[in-house]
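*Asks:* Need coordinates for the following:
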Amino acid sequence: MRSKIDDKLNGLFEIPSSANAIVEEGKDLLQQAEVISKKLSNIDDDFDYARKNLRDLIDRGQEAIDGIMVIAREGEHPRAYEVIGQLINTISSANKDLLELSKKYKDINDESSGNEATTQVTNNSLFVGSTAELQKMIRGDDADIIDDE
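*Replies:* Numbering: from 1, shown residues only. Predicted coordinates for the structure are as follows:
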């Protein structure tokens, strides 16, 4: 029943039948946009989860370093200092992983928003030259200015 009404309205308003195809294509694009939005939402969730875990590991590692430092000072055993060194390396590696995760997340967001090319804005430009040279450049006769130098 709906298609008959649509056909009559299309005929009345002289809308070509391809308009229905365009509407359907628009619906398909909307569904694709929703899928992309869900994927980006999943990426956000994954980023938040991974970031939280890395931060927790770093915090616990710092607490472990503090505890082992007390033991190493009291016992003065070389093995305790070796463990501290290994733990420090592990924590610094986790910090690097956290930074890499943030960089990758930023790259993903830049790609999805289409901000791959950044625009440069120049404020307070300064022209060094005479008024006559400036007028020539504004008129488009700047070839003479370049040749004069």
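
*Asks:* helices or strands next to the helix or strand harbouring N109 in the packing?
*Replies:* For N109, the host element (DSSP states H and E) is helix 78-113. Packing partners of helix 78-113 (3 or more Cβ pairs under 8 Å, 6 or more residues apart in numbering; DSSP states H and E): helix 18-75. All C-beta atoms are positioned from the backbone trio N, CA, C, and that covers glycine.

*Asks:* okay, now D110: neighbour count?
*Replies:* The burial metric for D110, expressed as a neighbour count using other Cβ atoms under 10 Å, is 12.

*Asks:* For L99, see how far away it is.
*Replies:* Between D110 and L99 the computed distance is 17 Å (Cβ to Cβ, to the nearest Å).

*Asks:* Next: G61.
*Replies:* Applying Cβ to Cβ, one obtains 16 Å for the distance of G61 from L99.

*Asks:* returning to that earlier point: next, the angle from the helix holding N109 to helix 18-75.
*Replies:* Between the axes of helix 78-113 and helix 18-75, defined by axes from the mean of the first three to the mean of the last three Cα atoms, to 10 degrees, the angle is 170 degrees.

*Asks:* Could you pull out the buried residues of helix 78-113?
*Replies:* By neighbour count with 16 or more other Cβ atoms under 10 Å, helix 78-113 contains the buried residues 80, 83-84, 87, 91, 94, 98, 105.

*Asks:* quick one, what contacts R55?
*Replies:* Contacts of R55 were listed using Cβ atoms under 8 Å, 6 or more residues apart in numbering, and they are L98.
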